[in-house]
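Asker: what would the 3D arrangement of this be:
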Amino acid sequence: MIVLEELGLDYETVYLNLSTNEIKDEKYTKYNPNGRIPTLVDHKNNDFVVWELGAIISYVTEKYGPTRTISFEKFEDKMHMLQWLFFQASGQGPYYGQASWFMLFASEKIPSAIVRYQKEIIRILGVLESVLSKQRWLVGEKFSAADVSFITWNHAAFRALVKDFEGFNLEKDFPSVNRWHNEMLSRPAVGKVFVKWQAW
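Answerer: Just a heads-up that it's a prediction; the model follows:
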């Protein structure tokens, strides 16, 4: 949603009830056979369907971002953006998601699993810090969809997943990530989407 807002696109959000496993219903899996969120149905392009966050971001920025406000024209920058989208999909998403599951939703608390995934969150933050300590944004010295892809899971991590982990201190331990995250939170598109989620 943040990418859609940043590009000024019209869209309709359909929320699914995860507690009733609505994402596994055939009404949804006909669009996304993996039964996960998000999924995009582009009514302006013959109801073209694409799922997986990185793929959705790539699709939207390529098709509807001709001015490249949050993407790139240069081939090498495009590949670096794709690199971060893959890192988000293979690193941040799964590890933060597992931490969330074991900490907040699992019927049985397994301390070793919780600590494992909290440590992975710290590791991912370390990777981000190592890059963001040298540059303002992840790619090409400008805010882009690469940055956007990390914001929601980071927000969840800072508020719940690692806030009490072994003296975790975002400002002290990861100052560049903290600066980056707060810069993104201050963007109008991000604020607008977060307000919608809180209302839901």
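
Asker: how about the contacts made by residue 84?
Answerer: Applying C-beta atoms under 8 Å, 6 or more residues apart in numbering to residue 84 gives the contacts 138, 139, 146, 149, 150. Backbone N, C-alpha and C define where each C-beta goes, glycine included.

Asker: pull the distance from the helix or strand hosting it to the chain's centre.
Answerer: In this assignment (DSSP states H and E), residue 84 forms part of helix 75-87. Offset of helix 75-87 from its chain centre (C-alpha atoms, centre = their mean, to the nearest Å): 15 Å.

Asker: next one: stretch 11-31
Answerer: 19 Å.

Asker: next: stretch 28-45.
Answerer: With C-alpha atoms, centre = their mean, you get 17 Å for stretch 28-45.

Asker: who touches that stretch?
Answerer: 16, 22-24, 47-53, 56, 59-60, 63.

Asker: next, the buried residues of that stretch.
Answerer: For stretch 28-45, the neighbour count (16 or more other C-beta atoms under 10 Å) marks 28, 32, 35, 39, 40, 42 as buried.

Asker: tell me the two of the residues you listed that are most distant?
Answerer: The span of the buried residues of stretch 28-45, defined through C-beta to C-beta, is set by 35 and 42 at 20.2 Å.

Asker: mind checking the longest helix of the protein?
Answerer: Longest among the helix segments of the chain by residue count, using DSSP state H, is helix 111-132.

Asker: quick check: residue 165 touching residue 116?
Answerer: No. Counting by C-beta atoms under 8 Å, residue 165 stays clear of residue 116, with 11.7 Å between them.

Asker: if we can go back for a sec, avg pLDDT for the longest helix of the chain?
Answerer: For helix 111-132, mean pLDDT rounds to 96.

Asker: how far does it sit from the chain's center?
Answerer: 16 Å.

Asker: any chance you could list what contacts it?
Answerer: By C-beta under 8 Å, 6+ apart, helix 111-132 touches 87, 91-92, 95-96, 98-99, 102-103, 138, 150, 157, 161-162, 165, 168, 173-177, 179-180.

Asker: show me what the following helix or strand past it is packed against.
Answerer: The helix or strand immediately downstream of helix 111-132 is helix 145-156, counting by DSSP H and E. Applying 3 or more C-beta pairs under 8 Å, 6 or more residues apart in numbering; DSSP states H and E, one finds that helix 145-156 contacts helix 2-6, helix 53-64, helix 75-87, helix 93-100, helix 175-185.
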